[in-house]
Structure formats: C-alpha cells, structure tokens
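S.K.: here is the input, now give the coordinates:
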Amino acid sequence: TAQQRAVDMMFMGIKEELLQNCAKAIFTTQAEDKNKAVKDVRALFDKWFGVIEDQLPAEGFTHGLSYPTPADLALLNITIAALPFGSAAKLAQYDFRKWKKVTTLCDKVKADENVAEYLSGSTHTDANPFGV
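M.R.: Numbers count the residues shown, from 1 in each chain. Prediction:
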C-alpha cells in the first residue's frame, strides 16, 4: 500500500541519515576530536533508534506481513553492516541490543529464509576495507 511504501521510505531515509553521519564521525570528526565523534555517534544512534523503536511492532515484521520489506532490511543493514554503522558503533562502544524491539525484529529478519541465504553467501556486510 502507499502507507507501507511511505514507512519503508522513512526507514530507508533514516538509514541514509545514519550512514552519512556515521561516516563523518569515523572518517572526519574522529581525526579532529575522538571524544566528539563518540558523543556524536551515541547521540545519533539514541535519537534515531528511539524513533525506530517507537514505530516497530512488539513482534513480527514492520508491516505485519509474513516477509520482510525494505524497512526491515534497512534496519538489519544498520545493525549488522561493518561500514560505516558497525565501525561507528565500535568507536562509541554502542550496543544496538539495548533496543528490544529492534533486536527482536533484526533476529526475525536474519532468520527469514531468503535473507539468511543472501547473508550466508555475501561478503559485503562484513567488508571493512579501511580497517576502522
């Protein structure tokens, strides 16, 4: 539906906001002021994961369907990709698991047959060519 596409786009937009600011923190801000980079990442994640957590159902996928949609996949990407999200989380010693509904959803998305098949054969999620 149009409403589901709007929610998917919102989650993908949040992912892009996080991507840009995580990259800035690990590649630019950290070089100038590591403490500021840590604070920026923590504030960024707390801000957006608070919004995300409020939007998620207590169980199941975001739209209540039997399969994940782009909203679910965007969130999974944020929580498992090495760059820039994982590197930023590592820098800030940030644990995404503090968000219960996020963790529950991401576990469900990873368990989806098609997603699991993709993840088992992909090296992109763990790729960290910069070693950060």
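
S.K.: next one: the residue most central in space within the chain from residue 72, what distance?
M.R.: Centroid-nearest residue in the chain, with C-alpha atoms, centre = their mean: residue 78, separated by 1.8 Å. Shown here: residue 78 relative to residue 72, a distance of 11 Å by C-beta to C-beta, to the nearest Å. Placement of C-beta: from N, CA and C, glycine included.

S.K.: now residue 60
M.R.: Residue 60 sits at a distance of 10 Å from residue 72 (criterion: C-beta to C-beta).

S.K.: got it, and residue 111?
M.R.: According to C-beta to C-beta, residue 111 and residue 72 sit 11 Å apart.

S.K.: these two: which has the busier surroundings?
M.R.: Neighbours were counted for residue 111 and for residue 72 using other C-beta atoms under 10 Å; residue 72 has more, 24 against 10.

S.K.: where does the more buried one sit: helix, strand or coil?
M.R.: What DSSP: H, G, I helix; E, B strand; the rest coil gives for residue 72 is helix.

S.K.: where in the chain is pLDDT low?
M.R.: 128-130, 132 (pLDDT under 70).

S.K.: switch to 80 and redo it
M.R.: Flagging of the chain using pLDDT under 80 yields the residue ranges 124-132.

S.K.: what about the helices in it?
M.R.: Using DSSP state H, the helices found in the chain span residues 2-24, 30-32, 34-55, 70-80, 87-92, 100-111, 113-121.
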